[in-house]
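**Student:** Please work out how this folds:
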Amino acid sequence: MLFSKRKQGHLIALMTVFLWGTTFIATKVLLTDFKPIEILFFRFGLGYLTLWILSPRFLAWQGVKREFMFLCAGLCGVTCYFLCENIALTYTTASNVGVITTLAPIFTAILSIFFLKTETPPKRFYIGCLFAIIGVGLISFNGKFVLSLNPLGDLLTMLACLFWACYSILTKKSSNYGYNTILLTRRFFFYGLMLMFPVLSLFDFDWNLSRFTDPVNIFNFLFLGVGASAICFASWNYAVKLVGAVKISIYLYLVPILTIIAAVVILNEPFTWIAAIGTLFTLCGVLLSEGKIRIKRN
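**Tutor:** As a prediction, this is how the structure comes out:
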């Protein structure tokens, strides 16, 4: 085998965050014709169908205890995380959301101490997270140091981080039972979509399908639903299974870097020296957390 399973997990995580780092472009285009809740529902609906096509096998009922764990994973990783993040953007700035979401790996590490006894992170992990948070902060502001505090929006963003941390822990615990990754991810999606139905009317959801006649909308939904949802969630869950929730969560810090690069290349947005320093801080933080850089002790 060319790579060990752990190296495969790290490579898969890198490929996953690369796609996640470019999803904002598709979302930005779709916001012209769709509300955030509509993008979320149609995206994961398409992702669920894609996972059926990839593996047209039925995952039998696994008992109340395990199914409840799967339901909680779908609630945290699909319904609550994306709803909190999307709603937060209506109350606070994108910069605030970009900075606060970097707390997700920290929350994952803290929860792992209590629920995943084998994944207690070393001190260098927290030092690396601090470097990465500083870097992501610089990237998010990108030379525009305007931090507006909005308690509701910022609180929702922190809740989103907590929900993602819970999803990571639940994914790791679920993967320990040896289920097929695609079938397990599809079960998460199913519960996430079912739990999304009760709130659709609250956000004035529109079932108008004529908007899908636009080739641009179709292309962007295919990217979000098939690539960023079905394939990326399955690959992320597989990487968590191979490496662990804490180790893999640190790669989320690379998403803002990839987002900045995509914005510069595709949308011709400016790239300032502050963003460059932020990129360097983030990369150092990731390498330090992953053990690629070690702190010398006297």
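
**Student:** Going by C-alpha atoms from here, please, whenever you check contacts or count neighbours.
**Tutor:** OK.

**Student:** Where does the closest residue to Ser249 other than its chain neighbours sit, in terms of helix or strand?
**Tutor:** Residue nearest to Ser249 in three dimensions, not counting chain neighbours: Pro105, with 5.2 Å by Cα to Cα, 6 or more residues apart in numbering. Applying DSSP states H and E as the criterion places Pro105 in helix 104-115.

**Student:** before we move on, the earlier item: how deep is the residue nearest to Ser249 tucked in, by neighbour count?
**Tutor:** 27 (other Cα atoms under 10 Å).

**Student:** ok, and what's touching the helix holding Pro105?
**Tutor:** 119-121, 126, 129, 161-162, 164-166, 168-169, 245-246, 249-250, 252 (Cα atoms under 8 Å, 6 or more residues apart in numbering).

**Student:** Stretch 48-60 too?
**Tutor:** Contacts of stretch 48-60 (Cα under 8 Å, 6+ apart): Ile182, Leu183, Leu184, Arg186, Phe189, Phe190, Gly225, Val226, Ala230, Ile231.

**Student:** go with 6 Å
**Tutor:** By Cα atoms under 6 Å, 6 or more residues apart in numbering, the list of residues contacting stretch 48-60 from outside reads Arg186, Ala230.

**Student:** What average pLDDT does that stretch get?
**Tutor:** Stretch 48-60 carries an average pLDDT of 92.

**Student:** roughly how far out does it sit from the chain middle?
**Tutor:** Centre-to-centre, stretch 48-60 and its host chain are 22 Å apart (Cα atoms, centre = their mean, to the nearest Å).

**Student:** Could you export that stretch as CSV, CA atoms only?
**Tutor:** Extracted in CSV, the C-alpha atoms of stretch 48-60 (Å, rounded to 0.1, in the frame of the first residue of the first chain):
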residue,chain,number,x,y,z
TYR,A,48,-29.0,12.1,0.1
LEU,A,49,-30.1,10.9,-3.4
THR,A,50,-26.5,10.9,-4.5
LEU,A,51,-25.5,8.6,-1.6
TRP,A,52,-28.3,6.2,-2.6
ILE,A,53,-26.9,6.1,-6.2
LEU,A,54,-23.3,5.5,-4.9
SER,A,55,-24.4,2.7,-2.6
PRO,A,56,-28.0,1.4,-3.4
ARG,A,57,-28.0,-0.8,-0.3
PHE,A,58,-30.4,-0.5,2.6
LEU,A,59,-29.0,0.0,6.1
ALA,A,60,-31.3,-2.0,8.4
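
**Student:** Report the buried residues of it.
**Tutor:** For stretch 48-60, burial by neighbour count (16 or more other Cα atoms under 10 Å) applies to Tyr48, Leu49, Thr50, Leu51.

**Student:** continuing past whatever helix or strand the last one lives in, what's the next helix or strand?
**Tutor:** If I follow you right, that is Leu51. Using DSSP H and E, Leu51 sits within helix 36-54. The helix or strand immediately downstream of helix 36-54 is helix 64-74, counting by DSSP H and E.

**Student:** what pLDDT, on average, does that next one get?
**Tutor:** For helix 64-74, the mean confidence score works out to 95.

**Student:** Identify each buried residue in that helix, please.
**Tutor:** Going by 16+ other Cα under 10 Å, helix 64-74 has these buried residues: Glu67, Met69, Phe70, Leu71, Cys72, Ala73, Gly74.

**Student:** Quick check on the contacts of helix 104-115: which are buried?
**Tutor:** 119-120, 126, 129, 161-162, 164-166, 168-169, 245-246, 249-250, 252.
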